[in-house]
Each structure stands twice: as C-alpha cells, then as structure tokens.
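**Q** Fold the following, please.
(3 chains)
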Amino acid sequence: MKNYTSFKDIPSIEKALETAFEVKKNPFGFQHLGKNKTMVLVFFNSSLRTRLSTQKAAMNMGMNTMVMNVNGDSWQLESELGVVMDGDKPEHLLEAIPVIGKYCDIIGVRAFARFERKEDDYSEKIINQFVKHAGVPVVSMEGATRHPLQSFADLVTIEEHKKVERPKVVLTWAPHPKALPQAVANSFVEWMKETDYDLVVTHPKGYELALEFIGDVKVEYDQKKAFEGADFIYAKNWSSYNDYGKVLSKDMSWTVNEEKMALTNDAKFMHCLPVRRNVVVSDGVLDSPNSIVVEQAYNREVTAQAVLKMILEDKG
Amino acid sequence: MKNYTSFKDIPSIEKALETAFEVKKNPFGFQHLGKNKTMVLVFFNSSLRTRLSTQKAAMNMGMNTMVMNVNGDSWQLESELGVVMDGDKPEHLLEAIPVIGKYCDIIGVRAFARFERKEDDYSEKIINQFVKHAGVPVVSMEGATRHPLQSFADLVTIEEHKKVERPKVVLTWAPHPKALPQAVANSFVEWMKETDYDLVVTHPKGYELALEFIGDVKVEYDQKKAFEGADFIYAKNWSSYNDYGKVLSKDMSWTVNEEKMALTNDAKFMHCLPVRRNVVVSDGVLDSPNSIVVEQAYNREVTAQAVLKMILEDKG
Amino acid sequence: MKNYTSFKDIPSIEKALETAFEVKKNPFGFQHLGKNKTMVLVFFNSSLRTRLSTQKAAMNMGMNTMVMNVNGDSWQLESELGVVMDGDKPEHLLEAIPVIGKYCDIIGVRAFARFERKEDDYSEKIINQFVKHAGVPVVSMEGATRHPLQSFADLVTIEEHKKVERPKVVLTWAPHPKALPQAVANSFVEWMKETDYDLVVTHPKGYELALEFIGDVKVEYDQKKAFEGADFIYAKNWSSYNDYGKVLSKDMSWTVNEEKMALTNDAKFMHCLPVRRNVVVSDGVLDSPNSIVVEQAYNREVTAQAVLKMILEDKG
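**A** Okay, here's the model as predicted:
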C-alpha cells in the first residue's frame, strides 16, 4: 500500500481486517518494520483522538514521531498556484510538502473541508498536493471529503460486535450547532457499501450526500422507520452538500434518544467523537451499555497501526 | 501505587524517599518497567517545569510520551453533567478521558483551580473525573488544590540540604500581581505535616489556608518573627481561600529580601518557580548561594520518576 | 565542540564538512553517542524546517527530544536584569534556562531579532544568556544575528553542487512585504568568507549588512551585473541594518526571475525557505531543475546531526 487517503487504497477488505486483528493481538510485534523510521503528523486542524491514536500506532510500530500544528508551530501555508505571495501566508505547500517529506518516511495529514469552494474541498486540494509532492507515503488523518482511518475503525468495531452475518447498519444525521464537513459520513458510506451489511442512511431532506459517495445506497427520510430492526446506529451531523456547507436545520427531533433506540434490534450505538451530549445523542443512550463509542475510538489506534504496517511492508 | 493525586496515595514517606534517591542515583536503570508503555500528558494550563520534568522522567523509565495541550492541540472539554452541549465545548470529559486512557498506560493531567466555584475547585472536579474514568493510573501534574509532584520534590530537596534532624521550615506568603491558586501551599503543608520538621506558616490576615490543609499547623502573622532561626524559607503567593480567589493585598513589605533572610539560621531559600523577581523575592536572595530553587526544580524530574516507578511496579 | 551559535564554534570547515558527509552517509550509525541523552528544543518563534530537521537529527543520533514553544506551551520569559516583575512575564530567563538545562543534555534555542533595540539584537541577548546559564551545550536554531545551522547546510549544498573549484556565489537581496532579520544573510556571509569561493553580495543602497559581517566582501549594487557568470544565486530578503529593522524598499525589480538567471553560468538557485513565490523569486525559477531549495532544506537535517555529533563526541 503506497498511500492511504481513501477506501480505494487498501488492497482488500479482507487483508485490511486481517491486518487490524493481527496488530490488535500483538501491537508490539512488528517494531522491526518501523525501526529508524519516522512519521510526521501535520495538523491543519485540531485533533484529540486522531492525534493520540495515530502517534501511538506509529510508536507501537517502533517508529519515531514528530507532530506539527501548522498554525501554532509554524505558519500558514499557501495552496493556490501562481499567486503573488505578498499576504499572510509566507510559505507555499509546493516547498513545505517535499521538505517535510525529506525529514520522514511517512506523512500523516489532517486538512478539513474549508467550505470556501466546494470544488476545492471535493478535489481534496490539500491532501492531493501532499500525495503528489511528498515523495513518501501519505496517510489522511481526515481530508475534506473522507476520514478513512475512522471508517476502517468503524468497520473493525462492527465486525467485533455484530451478532448476525448481515447486520442492519443505520447512519443517521443528527443536529449540531455548527456546520460540519461531510467527511465522516461520506467515508462511512464508501466503506459500508463494500460490505454485505444492510446499510440505510437517514437524514432530513436537503442533507443528501454527494452522489459519488451515496451511490445507490438506500436513503430513508423517516428516522424512526430507519431505526426499526437496526443492529447498529451510527449518529453523525453533517452540513448540506447541495447548499454547500450550510446548516439547513438544527431540528432537535432528530437527536438520538432512548425512545428511538427502543425501535431497534437492541442496536449498538456508535459515533466517531467528539459528540455533543443532548444535542446529537442523549446522555441516556451514550451512557447505556449499548454505547460502544470508546471501543470504537480505541480501534482508531488499531486501524492506524494496520495502515502503517501495510505501508511499511510495502516499502520493505 | 494506583494513582498519584495527593500525599495520601504514596505508600509511605520512607518508601517515597527511598525510591526518589534510588532513581536519582540510577535514572536509566529501570527502563524494563516502561518498555512499550506510554504516558500521555494532558495540559489544561501552561507549564514549563512540569511539562519537561515529567516527560523526561517518563523517558528515563523507557516509556513513550505524548503531550496534549487541551486548548491548543484539541478543543475545550465540557465537565458539567447533564448539560445540552450546544455551546463552545464540543466534547465531554466523559468521552475524552476513557478514550485517552485507551491510548496509554498512565495519564498525567494538569487542571488548575478556575476560581469560578470554590466547591468545584475543592472537590477536584477535573482530576477526580480522570481518576474515575481513565481506566489507567492518573498522575496529578497540579490540580485545583494540590501540586503533589512539587511537594514530593520539596521534601527531597529539604532532606538533601537539612543540617539538623528537625529543621525549622517556614512557608511564607509573598505578594504577586495576579490571583494564584492555593495548590502549592496546601500541598506543601499536607506533606510537611507528615514529617517531624518544625513547620511554621506565615501570611497576612485573610490568607488562611483551608482547614483541611492547615489543620493545627502553627500560623504566625508576623513574618519577621516567623523567619527567626529558620533553616528553610519557602516563599509562595496564593490568593484568599475565605474570600475565594481574591487578591486581598499586594503588600510589598512581605517580599522576601536579604534583610529578612538575615534573621534566619542561614536558611536555604526555596520556591516552586516560576517566581517574580523583586516582587516575591529580591534579586539578592534569589542570586545568593543559599538559593536552591534550581536544585529543587531538578528534583521535579527525580520525584516524577519515582512516582512513575512506583506506579509501574504496582502494575507489573 | 561545546556550543554552536556561530561559525566560530566549529573546529574547522574541513572537520565540519567531513562530519556532515559522514552522517549523511550513515545517519543511524552513531546512536551510541545519544543513548539516554535528551535534547530540548526551545522556540521563541515559529518554525517548520528547523523544528523538524533538528528534532529528526537528534532522533537519528539516538537521543530523546522534547519541544517547547515558549509562548504556546509555557509563558513569556523576562530577559531584562534588575526589573520588578509585576507585568505579563511571570518567569525570568535566569531561572528558566538553568532549569531547562537540568532536564537535558543539549538545548536548542530559536530567538529571532526583536527589532526593539539594535544593541539587544546584535549582542544576542537571549542566545548568550542560554550559553551563560544553561550548564549544557547550546545550539542556536537561529539567533538575532545568525542562523548557523542554515549556513552550514548552505555550505554542504554548494559543496555537493559546485562544478568548479572556485564557484561564483552571489547573495542577492530580494523584496518582501514584511521586515525580516539580517540573520540568514549575516551568517551566510560569515561562512562564505571562510571558503575560497568568489563571493559577491548585491542589494539596493541602504541594505548594507553590519560591518562585522560583511567585512571586505565585494558588494555590487547592480543586481544584473552581480548575476553575470554566477554559479550559485542565493536569494534572501532582509531589512535595513543602518535604519534598523526598516523596510526601505519593496522594489519588485529585485525579484529573481528567469531573465536574470539567464545572465548566470547556469546557476543553481538557493533559498533558506520559507520563500514567497513571485515576490522573492518567480515560479519559473523555483520550479526549474536548477532550483535546489529542497535538497538545501534536507541538508538542514544533515548538518544539525553533524553539529550534535561533534557536541556529543566532545562530551564523551
């Protein structure tokens, strides 16, 4: 595996899962692969789980790590081509990326959607410049349109908790005070489509995901109907794709609560975190034994390590 | 030792001192205990000594370390229960803490008094949520009411420099432009009470420490009288406990200077640092050979390592 | 080698170059020198290349590293002597420096010119306090008047790319929207003077470097004339030394472009980065095969490692 920025990069679901369970069982067993190798984690945006889990995964592999917050540790980086750089951005990605690549063996990069131009976000302008110019493998720690380390962890978590061969997995939109990217939802759908799970997506009208992601996945606008018989409820807010980056509704009737969970087949509750309690989901659901959000978060370390292992083996 | 948030957590003063002198003599001799183990240092507040000394101590033990500034690297964390999280705090401690615990073997956390509600501070609302939900040992890198790594280092420093079996140790309040927590003073008293030193606390009226800390320790409101015959002068500012978090006085006649030090028994001068020169203490005292503040700071690394060793051995 | 803050600290150009090529060939071959040793990197200013390359160099040497942003991780540090510290700086360098020195074996420090008082900057007030009080070797990661890790990397880069024994090396001023220090230019001249290269410096009137640096180096005020027959063009902006810290001109006719490069002897283009495209240098020059800025940046890791090796061997 050369880079890891989307589902398309993994060799196969089977190989990915096999590697994840292998490193989960034996996290310190592959340090020869990372010896004297370094991962740089570049953050254009804040992070808690991704920061800690990816750094931990790299250390499990025996790698050295360096973490850089673009706006706190260094300075703003220009991403437009051909501009006269006389403003507030003293360095261009065209220099910064290959230079960072010279100091390490793998780059992790987080660069959220900016909601300035849909075309920029959906062409993954930042992540793709890293892939093009880094000279070393690039791992997306959440791009503008995908969060592939999260989706891989979601898959592992469902595999560990499913009680039937073909569980019903429901991705439900939930309200949120601020405009959030579609990345987690896009990416989750992209992965789940490739399984044989019974996938249903539910959201208010206007929150349709981009066609390239949703494809022919079943969309149910009635949240309660969607919940019926579900084995997994995955809650997530996202802003509108069509009316790009807009918060069309903060309808609190979409909050996931105990009453709605009662409609499911004793479903497990999932969320990528951070989650706003009593907005996205009620305290009652999040504090119930069916909530598996912490285990899901732990699988972030596992799948980040699996990704690094697949990349390091490829280089070896 | 399971956690380390106060004096009550150490097995005994004797065991604590023995471990400190052991790791000071042989800092790299216990790396088998920390191999493939990770400490996460979580900072809700700024830090210089604690950050570097605790990270260094963990590395001495052979551990990996990850450092996270809550407000710079990630985002604000909610600590109230039952709230509708539609404000500026996107994640709750109830998720953040167990997730961080999943990525490491020991958590260090710094969470100062906020001076919003005395009850919140004196119930150690943040630190105690970490202890309750982390799932791994928690080390206080200064809570709202105690700074136990500092006090342990203070004890080691006095033990190393005392010339008589039962030295006179004076904790003196000193002026400061801003309201500071009582944590260092509380914690120092809590430790010193358990020794057989002759402990005297001196401060202007109104600066009485909480009864749970000061107990029946001798308080002398006349600073010069307190200094007479002292072997150690420990200076520290704190704000009022009774008129909670208020600066009642910036009385510069309480600054520790050469004239007052002349009243002592050639006392050593101590301070936890950072210290404001010519406010808390004069240049002359701080630059004199009797000032042991840098050695005291170095013992922060030593005692942090002793704490980690006791915790890692307990787990082993 | 005890400290590294200027050219004067290296044993000789020959030894420095020999060490650089040695570690470039075998970066992981000297880890016994750094085992159980720690480098602290202290940043008063932002950094990208210096941060990553120096930390990487230390890790190559088998050292542990800790990074501290003075203003983000800790707090502002007072540098004036004798002041009453009742303002916004809670700690003095007189305490901070020896304390940091207690927690490590080598300190790296970045402290740019502040442009407040020329005397303060040109006496290297911050760096020199570190050298005086650290108790361990100090490496300048760019001071107020010099950037010696950069200049060493510049030398290595020229040595690797020169086609003739005595190449013509031209340092050219270029426009920039903000006032920048003279450090890179000073330091470059300081190093180049010690080689037998044909060194020419070109800049508009008013941008003369301090006499202690420029010495009797040839200054040519006609940029095009300076470029004639050059083997290396090193572009860099700096603010005025005489009218200290002032931007006297943003004359875009000084931008390095293809037309000017055509006057050279197929010169390589160099810059320390970050560089403002189409202000300092045109896209065309920077994207041409003759631009060696990324290789130059990579040599930052190499020469930082060479410096650490020379220091660690001296201590050994």
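**Q** what residues does chain A put near chain C?
**A** Residues of chain A lying close to chain C by CB under 8 Å from any CB of the partner chain are A:36, A:38, A:40, A:64, A:66, A:68, A:72-75, A:78, A:81-87, A:90-92, A:94-96, A:98-100, A:102-104. Using the backbone N, CA and C atoms, a C-beta is placed for each residue, glycine as well.
**Q** Would you agree residue A:307 is in contact with residue A:152?
**A** Yes. With contact defined as CB atoms under 8 Å, residue A:307 counts as touching residue A:152 (7.1 Å).
**Q** ok, residue A:202 - contacts?
**A** Applying CB atoms under 8 Å, 6 or more residues apart in numbering or on different chains to residue A:202 gives the contacts A:170, A:171, A:172, A:173, A:219, A:220, A:221, A:222, A:223, A:225, A:226, A:227.
**Q** So what pairs up with it in the strands?
**A** residue A:172 (DSSP bridges).
**Q** pLDDT value on it, please?
**A** Looking at residue A:202, its pLDDT stands at 98.
**Q** gap between it and residue B:276?
**A** Noted for residue A:202: a distance of 59 Å to residue B:276, by CB to CB, to the nearest Å.
**Q** repeat for residue A:73
**A** With distances taken as CB to CB, residue A:73 is found 28 Å from residue B:276.
**Q** what about these two, which has more around it?
**A** Shown here are residue A:73 and residue B:276; by other CB atoms under 10 Å in any protein chain shown, residue B:276 has more neighbours (25 against 21).
**Q** my guess is that one meets residue B:178, correct?
**A** No. When contacts are counted by CB under 8 Å, residue B:276 is not listed as touching residue B:178 (9.4 Å).
**Q** Look up phi and psi at whatever residue of the stretch 51-200 of chain A ends up closest to chain C.
**A** The nearest approach of the stretch 51-200 of chain A to chain C comes at residue A:91, 3.3 Å away (CB to the nearest CB). Taking degrees, to the nearest 10, you get phi -140, psi 150 for the backbone angles of residue A:91.
**Q** Just the pLDDT for it.
**A** 96.
**Q** Show me what the residue nearest to residue A:291 when sequence neighbours are not counted is bridged to.
**A** Spatial nearest neighbour of residue A:291, excluding adjacent residues (CB to CB, 6 or more residues apart in numbering or on different chains): residue A:269 at 4.5 Å. The residues listed as beta-bridge partners of residue A:269 by DSSP bridges are residue A:233, residue A:291.
**Q** rewinding a little: just the buried members of the contacts of residue A:202?
**A** Buried subset of those (neighbour count, 16 or more other CB atoms under 10 Å in any protein chain shown): A:170, A:171, A:172, A:173, A:219, A:220, A:223, A:226, A:227.
**Q** can I assume the last one is in contact with residue A:235?
**A** In other words, residue A:227. No. Using CB under 8 Å, residue A:227 is not in contact with residue A:235; the gap is 10.9 Å.
**Q** list residues touching both of the two?
**A** Taking CB under 8 Å, 6+ apart as the criterion, residue A:227 and residue A:235 both touch residue A:172.
**Q** circling back to that earlier point, surely the residue nearest to residue A:291 meets residue A:280?
**A** No. Here residue A:269 lies out of contact with residue A:280, judged by CB under 8 Å, at a distance of 10.7 Å.
**Q** Check which residues of the lengthiest helix in chain A are buried.
**A** In chain A, taking DSSP state H as the definition, the longest helix is helix A:293-315. Neighbour-count burial for helix A:293-315, counted by 16+ other CB under 10 Å, picks out A:293-312.
**Q** Please report how far residue A:133 lies from residue A:227.
**A** Residue A:133 is 45 Å from residue A:227, by CB to CB.
**Q** And for residue A:171?
**A** Distance from residue A:171 to residue A:227, by CB to CB: 11 Å.
**Q** ok, residue A:120 - how many residues close by?
**A** Residue A:120 sits with 16 neighbouring residues when counted by other CB under 10 Å.
**Q** tell me which element it falls in.
**A** In the assignment (DSSP states H and E), residue A:120 maps to helix A:118-122.
**Q** Alright, calling it a day.
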